[in-house]
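Colleague: give me coordinates for this.
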Amino acid sequence: MSSFWTGERVRLRGIEPEDWEAFMEFDAHTRHQRSVDALHPPRSAEGYHAWAAEQAVATPVGDNFRLAIEALDTGELVGSLSTDDADPRSGRFRYGIGIGGDHQRRGYAADAVVLLLRFMFGERRYHKCEAGIYAFNEASLALHRGLGFVEEGRLRDHEFFAGRHHDLVVMGITAPEFAERHRFEQL
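Modeller: Model (predicted):
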């Protein structure tokens, strides 16, 4: 019997202290993966090691957490995802995902997002998930549309990086919309 956290291509798991090298490698290729939270001054190897060690023992705050994404075929760390702004009263949460440049376009993100939404909708009783995506990120917009997310709005000139402002597309999916496309139970 497989784990609830195992999909067709990935397994979601906690971050381990030894994951520090993979996160350091992901950050070394930030040119096309920038976001307000991802781009920061260079860290030392010890800084990455300390961060991963902290993440490994961090206790989630409510339903806000970060998980590692591991490829099933190689056992390699390929990215991470996190939830934030989880509000059980309103039934709404946001999430973010990052897949390392060498691992993109292999279906890892889609598989990981389905696992996350299955948990948040089917186990934690949330009603809606939101994601903010840069308007120029066609691959991420296509991924989310393919998963059933709907564009709910555009925040014009919302984020600043690389010397200019960029639009942020807000996309959302509700639990019933998710259930129309994806099953909640794993057999």
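Colleague: tell me where this structure has strands.
Modeller: Secondary structure of the chain (DSSP state E): strands at 10-13, 66-71, 77-87, 92-99, 128-134, 150-161, 164-174.
Colleague: I would like the residues contacting the last one, please.
Modeller: Looking back up the chat, that one is strand 164-174. With contact meaning Cβ atoms under 8 Å, 6 or more residues apart in numbering, strand 164-174 is reached by 117, 127-136, 141, 144-145, 147-160. C-beta here means a position set from N, CA and C on the backbone, and glycine is covered the same way.
Colleague: the bottom helix or strand of this protein by mean pLDDT?
Modeller: Across the helices and strands of the chain, mean confidence by mean pLDDT, DSSP states H and E is lowest for helix 20-28: a mean of 87.
Colleague: with only the CA atoms kept, save that helix in PDB.
Modeller: The C-alpha trace of helix 20-28 is given here as PDB (Å, rounded to 0.1, in the frame of the first residue of the first chain):
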ATOM      1  CA  TRP A  20      20.700  21.700   2.200                       C
ATOM      2  CA  GLU A  21      22.900  21.000  -0.800                       C
ATOM      3  CA  ALA A  22      19.900  20.700  -3.200                       C
ATOM      4  CA  PHE A  23      18.400  23.900  -1.900                       C
ATOM      5  CA  MET A  24      21.700  25.600  -2.400                       C
ATOM      6  CA  GLU A  25      21.800  24.300  -6.000                       C
ATOM      7  CA  PHE A  26      18.200  25.500  -6.600                       C
ATOM      8  CA  ASP A  27      19.200  29.000  -5.500                       C
ATOM      9  CA  ALA A  28      22.200  29.000  -7.700                       C
END
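Colleague: what's that helix packed up against?
Modeller: When contacts are defined as 3 or more Cβ pairs under 8 Å, 6 or more residues apart in numbering; DSSP states H and E, helix 20-28 sits against helix 45-57, strand 77-87.
Colleague: would you mark the buried spots in the first one?
Modeller: Spelled out, that is helix 45-57. By 16 or more other Cβ atoms under 10 Å, the buried positions in helix 45-57 come out as 48-49, 51-53, 55.
Colleague: likewise stretch 84-102?
Modeller: Neighbour counts using 16+ other Cβ under 10 Å place 86, 91-100 of stretch 84-102 among the buried residues.
Colleague: and those as a markdown table, adding distance to Ile15 and pLDDT?
Modeller: Shown next, in a markdown table, are the buried residues of stretch 84-102 (distance: Cβ to Cβ, whole Å; pLDDT from 0 to 100):
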| residue | distance to Ile15 | pLDDT |
| --- | --- | --- |
| Ala86 | 18 | 97 |
| Gly91 | 27 | 97 |
| Arg92 | 25 | 98 |
| Phe93 | 19 | 98 |
| Arg94 | 19 | 97 |
| Tyr95 | 16 | 97 |
| Gly96 | 15 | 94 |
| Ile97 | 14 | 94 |
| Gly98 | 13 | 92 |
| Ile99 | 15 | 93 |
| Gly100 | 14 | 91 |
